[in-house]
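Asks: Pasting the sequence and the predicted coordinates here, then a few questions.
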Amino acid sequence: MDDFLRAVEAAIFASEEPLTIEDIAGYAGEGDVEAALRDLAERYAGHGVELVERGERWHFQTAPDLAHILRRTREDSRRLSRAATETLAIIAYHEPVSRAEIEAIRGVQISKGTLDVLMEAGWIKTAGRREAPGRPLLYATTPDFLSHFGLGSRRDLPGIDDLKAAGLLDPLEESLFQLQLESDGEDD
Amino acid sequence: MDDFLRAVEAAIFASEEPLTIEDIAGYAGEGDVEAALRDLAERYAGHGVELVERGERWHFQTAPDLAHILRRTREDSRRLSRAATETLAIIAYHEPVSRAEIEAIRGVQISKGTLDVLMEAGWIKTAGRREAPGRPLLYATTPDFLSHFGLGSRRDLPGIDDLKAAGLLDPLEESLFQLQLESDGEDD
Amino acid sequence: MGEDDELFIAPVRDDEALNLSLDGWEGPLDLLLNLARQQKVDLHQISILALVEQYLAYIEGARTLRLEIAADYLVMAAWLAYLKSCLLLPKDPMVDPSPEELALRLQLRLQRLDAMRDAGARLMGRDRLGRDVFARGAPEGLKLVRKSAWQATAFDLYAAYGRVKARTAPAMHVVAHRAVMTLEDAIQRVAALIGQALEWTTLEAFLPATADPQYRKSALASSFVAALELARQGRLELEQEETFGELLVRRAA
């Protein structure tokens, strides 16, 4: 195992968070980081520990099939409410998306705490404003979202291609009964 | 690699503290933990990461010879000094421009350090020499300058009329005061 | 999985009418979706008319039980009743969008919500970091050495340029003309006039006649200083009987 490979391995191992290729190069110095990552991923294949890429950032984690021996019961306390789960899914599949759009899909107003919980978990962030009347604030997922749910990128979101093909992820602006009943108006 | 070995590896990797053989057996279940530890230590020999025993507890650590690479420079935000900001503005509005010209426009001398800071920030670069007596070195802004300040091109810089409208051209009492201060010696 | 069960709350059965409650639903769309799932067909093939009937019956049931019904459920009921009548009435080609189109949109809405609900459940069921898979428990951490990243905003930049421009622009100074009596003039004048003043005379008597209060003030100030100077030179004497009293002058003996 050459020193560059060892350096890449050590840097990712020592880091408290996933590292981008640029981050790794910053530690390991001159060399082909991508080739080293491929090499390492192969060496670790079948181990109890694996090298994975999540949102263009790399980290080691334990193999999923060992979950049963490592699972810590206390983690269950961090269960997301149904509203938060749906909201997270809507943001992930539609991002960037405004609050009004999330509400239109769910057919119900978001309580303030819902987005806060997702922000606090580090899974969503604000992502600028839409250049449209009212300039609504937009939300998108974070790299930590991808790491947490074991997604290489948003393309790995379960079923996203099918949903897209079915038109179920198309922009949705009109509110549910907008055409018939000018409802009391939606705010964001 | 058998599942017992993988479990031992994963348990040590995921643990927040070094584990005793009993701890490890608690996770990995039935099996010869000591043999597994020997096996793992051998597999990791020569890696950037090693399995080590300290006081009858086991943990992974990065190889000692790589300690020096696990250090990296971090960027700390520092506000640009007034002298540097003015110099940068003059270069942006008048580029390409020589140091003597900058000083003439600014009405105050600039220290070498001022230009160095702007170079280090990646906002200015040298842009050849003027074909004039003394062939003075010329300075211009970089693409990083445009992106940092959110400008599509130098044409997006507000014009003199815009500055006037924004009240930025009002001769301030303060500017006189500043002149006095700076002539005493400028710092960056 | 338990998690999924929670997402799809068990449908309400007719024989459990007393359990009829609106608390369990997150709004009318949620209720509609759950009713739609009772049709036990793919959401593509759902009968909107049947769904409308179910919803209206549900709301009616809640009404007879005198449950509190939130306004949005009633709005949805009104809209669905309207949709139902449109679907049953003979086609009017002038109506745009057509009732079929509206029904299709509602169906699409339900599919969208259903898809997101399903996606949420699938996300939660993944191997999650910190629950199913674990990062290194005790990373050494990477050391950082500080380096400067220079910060300045666009406003700083423009303000700086404005400052430079304001500073170096040729400034035109206009000094307003003011009538003043200089100290030199006052000394000459007081020195000339004191020759005639053998007795104590007020300083004011030496001032020129003027209607300009500013000039008078200037003349008084300058004449006072002139009197002090002349006194210093031993050419006149000064006297004041009380604080702020009249200032008297006469030629030195």
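Replies: Looks like it arrived, so ask away. Numbering: from 1, shown residues only, chains lettered A, B, ... in the order given.
Asks: Would you mind giving the secondary structure of A:Leu138?
Replies: Classification of A:Leu138 by DSSP: H, G, I helix; E, B strand; the rest coil places it in strand.
Asks: ok, the closest residue in space to C:Glu229 that isn't next to it in sequence - contacts?
Replies: Leaving aside its sequence neighbours, C:Glu229 sits nearest to C:Ile187 (Cβ to Cβ, 6 or more residues apart in numbering or on different chains; 6.0 Å). Glycine gets a C-beta too; all of them are placed from N, C-alpha and C. Going by Cβ atoms under 8 Å, 6 or more residues apart in numbering or on different chains, C:Ile187 touches C:226, C:229-230.
Asks: Could you rank those residues by neighbour count and give me the top one?
Replies: The most crowded member of these, judged by other Cβ atoms under 10 Å in any protein chain shown, is C:Ala226 (26 neighbours).
Asks: what sits against the residue lying closest to C:Gly27 once chain neighbours are set aside?
Replies: Leaving aside its sequence neighbours, C:Gly27 sits nearest to A:Val108 (Cβ to Cβ, 6+ apart; 3.3 Å). Going by Cβ under 8 Å, 6+ apart, A:Val108 touches C:26-27, C:29-30, C:72.
Asks: now with 7 Å?
Replies: Residues near A:Val108 by Cβ atoms under 7 Å, 6 or more residues apart in numbering or on different chains: C:26-27, C:29-30.
Asks: Now C:Leu102: closest residue in space that isn't a chain neighbour?
Replies: Take C:Leu102 and drop its neighbours on the chain: the residue closest to it by Cβ to Cβ, 6+ apart is C:Leu83, 5.7 Å away.
Asks: Can you pull the phi/psi pair for the one you found?
Replies: When read as degrees, to the nearest 10, the backbone of C:Leu83 gives phi -60, psi -40.
Asks: Against chain B, how distant is it?
Replies: Note on C:Leu83: its distance to chain B, by Cβ to the nearest Cβ, to the nearest Å, is 49 Å.
Asks: Run a quick neighbour tally on that residue.
Replies: Other residues lying near C:Leu83 total 19 when counted by other Cβ under 10 Å.
Asks: quick one: it and C:Pro99 touch, right?
Replies: Yes. Under the contact definition of Cβ atoms under 7 Å, C:Leu83 touches C:Pro99, with a separation of 6.2 Å.
Asks: Helices of chain C, start to end?
Replies: Using DSSP state H, the helices of chain C run over residues C:2-7, C:28-38, C:48-64, C:71-88, C:99-124, C:154-168, C:183-194, C:213-232.
Asks: which residues touch the second one?
Replies: In other words, helix C:28-38. For helix C:28-38, the surrounding residues in contact (Cβ under 7 Å, 6+ apart) are A:107-108, A:176, C:8-9, C:11, C:25, C:43, C:46, C:51, C:54-55, C:58, C:72-73, C:76, C:109-110, C:113-114.
Asks: by how many degrees do it and helix C:71-88 diverge?
Replies: Interaxial angle, helix C:28-38 versus helix C:71-88 (axes from the mean of the first three to the mean of the last three Cα atoms, to 10 degrees): 50 degrees.
Asks: Check the longest one too.
Replies: For helix C:99-124 and helix C:71-88, the angle between their directions (the same axes, to 10 degrees) works out to 130 degrees.
Asks: which helices and strands sit right next to helix C:99-124?
Replies: The helices and strands touching helix C:99-124, judged by 3 or more Cβ pairs under 7 Å, 6 or more residues apart in numbering or on different chains; DSSP states H and E, are helix A:82-94, helix A:99-106, helix C:2-7, helix C:28-38, helix C:48-64, helix C:71-88.
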